[in-house]
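Chemist: for reference, the sequence and a predicted model appear below.
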Protein chains: 2
Amino acid sequence: MSNGPVVIEVTRGPVVESRHEGIAAVMKPDGTIVASWGDIDAAILPRSANKPIQAMAFVESGAIERFGLGNEHIALACASHNGEPRHVETVRAWLGKVGLREADLECGTHPPRLQSTIESLAREGTAPTPAFNNCSGKHSGFLSTAVTYGEPTRGYIKYDHPVQRRLRDVMTDLCGTDANDFAYGTDGCGIPTLATPLRRLARAMANMAEPSRLSNRRAEAAGRIRAAMNAEPFMMAGTGRFCTRINGTLAGVAQVKTGAEGVFCAMLPGLGLGIALKMWDGAGRAAELAMATLLGHLGILAADQMQELLHPPVRNVVGLLVGEMRPAKSWLG
Amino acid sequence: MSNGPVVIEVTRGPVVESRHEGIAAVMKPDGTIVASWGDIDAAILPRSANKPIQAMAFVESGAIERFGLGNEHIALACASHNGEPRHVETVRAWLGKVGLREADLECGTHPPRLQSTIESLAREGTAPTPAFNNCSGKHSGFLSTAVTYGEPTRGYIKYDHPVQRRLRDVMTDLCGTDANDFAYGTDGCGIPTLATPLRRLARAMANMAEPSRLSNRRAEAAGRIRAAMNAEPFMMAGTGRFCTRINGTLAGVAQVKTGAEGVFCAMLPGLGLGIALKMWDGAGRAAELAMATLLGHLGILAADQMQELLHPPVRNVVGLLVGEMRPAKSWLG
């Protein structure tokens, strides 16, 4: 396998109109490289692709049992959701169970992802609230954890709050190097996002997929998270979304999560592998196809399964097929 | 000046999170290179960035005088508009003057660009129509031209229709090589988009900017188009858009037009130059900053003018400044 970069092409008629370059690593839990493309020692910001890792401290805290939560809440803690009614209602009910309100969420408010939801709100004459934020489930998990440990909830997004410190402890354990040494930026939802060498992120995913090197409690949490991602795929994203389709179709076989700016991660428990990839230009369309292609390459996603994820068509306004997206020959030959 | 590629960086905290690469050319009307970055012989699809060129045949046809049209219609013919009420109403009235209806537009219907317009439609209980298509002005220009010449209007988007043939004739004249030899794909709105070497596209823009090499009639049309782009900047795009702000602020000095998949073009009549650029990954955010940066580099856009176009902030959901977009040192030093 070449060590050239991941390359995704976008064609229109006979022309390669655009192309995306990135890096990817397929790793074992001990850090052995199974396959890699490009400079996987480069530090990237995982953004929302490491929400499943961030959900670990929540599940380990015992908040699930304490507040009577279930798979839908664990999936929401791992999610970048569309802000569809079921997402929003579940988050609101969850906060109620914990004795908190939407105003305790520090993620801010942005418009829901789907035009249909925007139209519904307009017809009702209402505005989105913090529960509509794609990260509201993750933040509800943070709040639930803080309440469980008796910590102040205000400021839970700050680098030195115990909630964020625990995330770095988990990350340190999973990726095999001290995450407190990582530089960091501020994520869209206000929490620190740690500059993580791609190879370390892939290794963390491998340890989530095949957690025999972890403590019993942590291994159990990883298993619950993987199960919830597959059991509640709608909660992971929503209508029409890649994460919802893959986590639903490949239940028990793969758990995938997207992140902003072209990041994608996967856990492959059957193979005992983790995947992390980053498209350098931040293109989500390319990150999705790169992940689908790798799942196909590893024999997990069959060519006749979800054709349009493996071979995304490019259509014009009237629906005519005018091009395609494809992995470049220079990537996987 | 290096001949390395155009590089735009996106930072978050201390980290360069994403980066975009592209090509750019600054040309004189005779094809002399003033500056270039990357392989400018590469063929790109200009997409909507060559709408000002496509408007030439419309203006040359005499349709303006025949149907009592003005600058707002010429600007709309060059536009990728938001589908705001003034855009839609002007297109509808225009078609009425020509004796046609929205159903004659072959561009198809897509949702308007702004959330506020989507919300208005939802509250009114109405759906968008072809006039909301960002290309509806260009298509109204095509239809007006066909009617003026007594040609069938149906099928005006097809490669062999006289409307499209005239576009290739204009392109051949402006870029100095036979555009009938170019490969082509189908654009979002259904018309052919010609695979044009970037250096040829920049040369065409230079001949639009400084048309002394063109026939009198063609030179006059170029001048009318430049004037209309500056006189009606709202019609070029709409609320908050780069093309609207630049064409309004730099009236008489520059005329710019964006295209899908990371293309941007500019005419600089005072300098007698044309610019064309393409970001290889198709990123509009990078194409905008690359264009602003080149306008700054050429002394046309002052550092204190439109700071946020020259130094775009990256903000998170609550509005906190978390990063920036900037030209990489490897590009312009």
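Modeler: Right, received. Where do you want to start?
Chemist: so where is the stretch 151-300 of chain A shaky, pLDDT-wise?
Modeler: The stretch 151-300 of chain A contains no residues with pLDDT under 70.
Chemist: for it, what lies in contact range of chain B?
Modeler: Neighbours of chain B within the stretch 151-300 of chain A, by Cβ under 8 Å from any Cβ of the partner chain: A:183-190, A:193, A:195, A:261-262, A:280-283, A:286. The way it works is simple: take the backbone N, C-alpha and C, and place the C-beta from them, glycine included.
Chemist: among those, which lie within helices?
Modeler: A:Ala286 (DSSP state H).
Chemist: PyMOL command to pick out the buried ones of the residues of the stretch 151-300 of chain A next to chain B?
Modeler: To isolate in PyMOL the members of those that are buried, counting by 16 or more other Cβ atoms under 10 Å in any protein chain shown, one can use:
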select buried, chain A and resi 184+185+186+187+188+189+190+193+195+261+262+280+281+282+283+286
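Chemist: A:His161 contacts A:Thr153, doesn't it?
Modeler: No: judged on Cβ atoms under 8 Å, A:His161 makes no contact with A:Thr153 at a distance of 9.4 Å.
Chemist: got any residues that touch both of these two?
Modeler: Jointly contacting A:His161 and A:Thr153 under the rule Cβ atoms under 8 Å, 6 or more residues apart in numbering or on different chains are A:Ala146.
Chemist: got the contact list for the residue of the stretch 1-150 of chain A found nearest chain B?
Modeler: As assessed by Cβ to the nearest Cβ, chain B sits closest to A:Gly13 within the stretch 1-150 of chain A, at 3.0 Å. Going by Cβ under 8 Å, 6+ apart, A:Gly13 touches A:322-323, B:183-186, B:195.
Chemist: just to revisit the earlier point, out of the residues of the stretch 151-300 of chain A next to chain B, which sit inside strands?
Modeler: A:184-186, A:193 (DSSP state E).
Chemist: tell me the one of those nearest A:Leu100?
Modeler: A:Thr186 (22.8 Å; Cβ to Cβ).
Chemist: output the longest helix belonging to chain A.
Modeler: helix A:216-231.
Chemist: bridging residues for the residue of the stretch 101-250 of chain A found nearest chain B?
Modeler: In the stretch 101-250 of chain A, no residue comes nearer to chain B than A:Gly185, which is 3.0 Å away by Cβ to the nearest Cβ. Beta-bridge pairing of A:Gly185 under DSSP bridges involves A:Thr193.
Chemist: hang on, it packs against B:Val16?
Modeler: No: look at A:Gly185 against B:Val16 with Cβ under 8 Å: they stay out of range, at 10.2 Å.
Chemist: thinking again about what came up before, any figure for the gap between the residue of the stretch 1-150 of chain A closest to chain B and B:Gln307?
Modeler: 40 Å (Cβ to Cβ, to the nearest Å).
Chemist: can you give me the strands for chain A?
Modeler: Counting by DSSP E, the strands of chain A are A:6-12, A:15-27, A:33-37, A:43-44, A:184-186, A:192-194, A:196-197, A:255-259, A:263-268, A:273-279, A:313-315, A:321-327.
Chemist: just say which of those strands is most tucked in.
Modeler: Compared across the strands of chain A, strand A:273-279 shows the largest average neighbour count, a mean of 29 (mean count of other Cβ atoms under 10 Å in any protein chain shown).
Chemist: counting by contacts, list what it packs against.
Modeler: strand A:6-12, strand A:15-27, helix A:198-209, strand A:263-268, helix A:284-297 (3 or more Cβ pairs under 8 Å, 6 or more residues apart in numbering or on different chains; DSSP states H and E).
Chemist: of all those, which lies closest to A:Leu105?
Modeler: Closest among those, once you apply Cβ to Cβ, is strand A:263-268, at 23.1 Å.
Chemist: who's in contact with that closest one?
Modeler: A:44-50, A:52, A:201-202, A:205-206, A:208-209, A:226, A:253-259, A:274-279, A:287-288, A:290-291, A:294-295, A:298, A:300.
Chemist: go again with 6 Å.
Modeler: A:46-47, A:49, A:205, A:208-209, A:226, A:254-258, A:274-278, A:287, A:291 (Cβ atoms under 6 Å, 6 or more residues apart in numbering or on different chains).
Chemist: kindly report the same for stretch A:165-180.
Modeler: Here stretch A:165-180 has contacts from A:31, A:54, A:56-57, A:194, A:200, A:203-204, A:207, using Cβ under 6 Å, 6+ apart.
Chemist: are any of the residues you listed buried, and if so which?
Modeler: A:54, A:56-57, A:194, A:200, A:203-204, A:207.
Chemist: I'd like the residues you listed as JSON lines, with distance to A:Thr177 appended.
Modeler: As requested, the buried ones among the contacts of stretch A:165-180 are exported to JSON lines (distance: Cβ to Cβ, whole Å):
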{"residue": "A:Gln54", "distance to A:Thr177": "17"}
{"residue": "A:Met56", "distance to A:Thr177": "17"}
{"residue": "A:Ala57", "distance to A:Thr177": "18"}
{"residue": "A:Leu194", "distance to A:Thr177": "11"}
{"residue": "A:Arg200", "distance to A:Thr177": "6"}
{"residue": "A:Arg203", "distance to A:Thr177": "9"}
{"residue": "A:Ala204", "distance to A:Thr177": "10"}
{"residue": "A:Asn207", "distance to A:Thr177": "12"}
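Chemist: what about stretch A:41-49, how long is it end to end?
Modeler: Start to finish, the residues bounding stretch A:41-49 are 18 Å apart (Cα to Cα, to the nearest Å).
Chemist: right, is that stretch up against chain B?
Modeler: Yes: using Cβ under 6 Å from any Cβ of the partner chain, stretch A:41-49 reaches chain B at A:Leu45.
Chemist: same question for stretch A:16-36.
Modeler: Yes: Stretch A:16-36 reaches chain B (Cβ under 6 Å from any Cβ) through A:17-20.
Chemist: most widely separated two among those?
Modeler: A:Glu17 and A:His20 (11.5 Å).
Chemist: what does stretch A:326-333 rub up against?
Modeler: With Cβ under 6 Å, 6+ apart, stretch A:326-333 has contacts from A:4, A:6-7, A:9, A:293.
Chemist: my read: A:Asn71 touches A:Ala228, true?
Modeler: Yes: proximity of A:Asn71 to A:Ala228 meets the contact threshold set by Cβ atoms under 6 Å, at 4.1 Å.
Chemist: those two: which has the busier surroundings?
Modeler: Taking other Cβ atoms under 10 Å in any protein chain shown, A:Asn71 and A:Ala228 do not tie; A:Ala228 has more neighbours (27 against 17).
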